[in-house]
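Engineer: Could you work out the structure for the sequence below:
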Amino acid sequence: MWWQDHETREVSLRFDSVADFAAYREAKAEADEDEDEDDIAARFRPRCTWLDVARQASAGLGSRR
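Structural biologist: Numbers count the residues shown, from 1 in each chain. Modelled structure (predicted):
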């Protein structure tokens, strides 16, 4: 699932699937009041984005001859 910030218009990958988003919402509903929402979301967010993969790939292109 892609997410767009309403102020900056920045788009980012937040969850790999709707199922991950649903699991996050369920975990958030079951969490203690003092548990941080970002910590909960981090458990369900992708570990790397397509941009990370593209950067790694392009970094390797410069070293090939």
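Engineer: In contact with Glu30, which residues?
Structural biologist: Residues in contact with Glu30 (C-beta atoms under 8 Å, 6 or more residues apart in numbering): none are found. In short, each C-beta sits where N, CA and C put it, glycine included.
Engineer: From Tyr24, how far off is it?
Structural biologist: Separation of Glu30 from Tyr24 (C-beta to C-beta, to the nearest Å) stands at 11 Å.
Engineer: So for the two, which residues contact both of them?
Structural biologist: Common neighbours of Glu30 and Tyr24 (criterion: C-beta under 8 Å, 6+ apart): none identified.
Engineer: you'd agree Ser12 is in a helix?
Structural biologist: No. Counting by DSSP: H, G, I helix; E, B strand; the rest coil, one finds Ser12 to be strand, located in no helix.
Engineer: Do I have it right that it meets Trp2?
Structural biologist: Yes. Using C-beta atoms under 8 Å, Ser12 makes contact with Trp2 at a distance of 7.1 Å.
Engineer: Compare these two (neighbour count), which wins?
Structural biologist: A count of neighbours by other C-beta atoms under 10 Å puts Ser12 above the other of Ser12 and Trp2, at 12 against 8.
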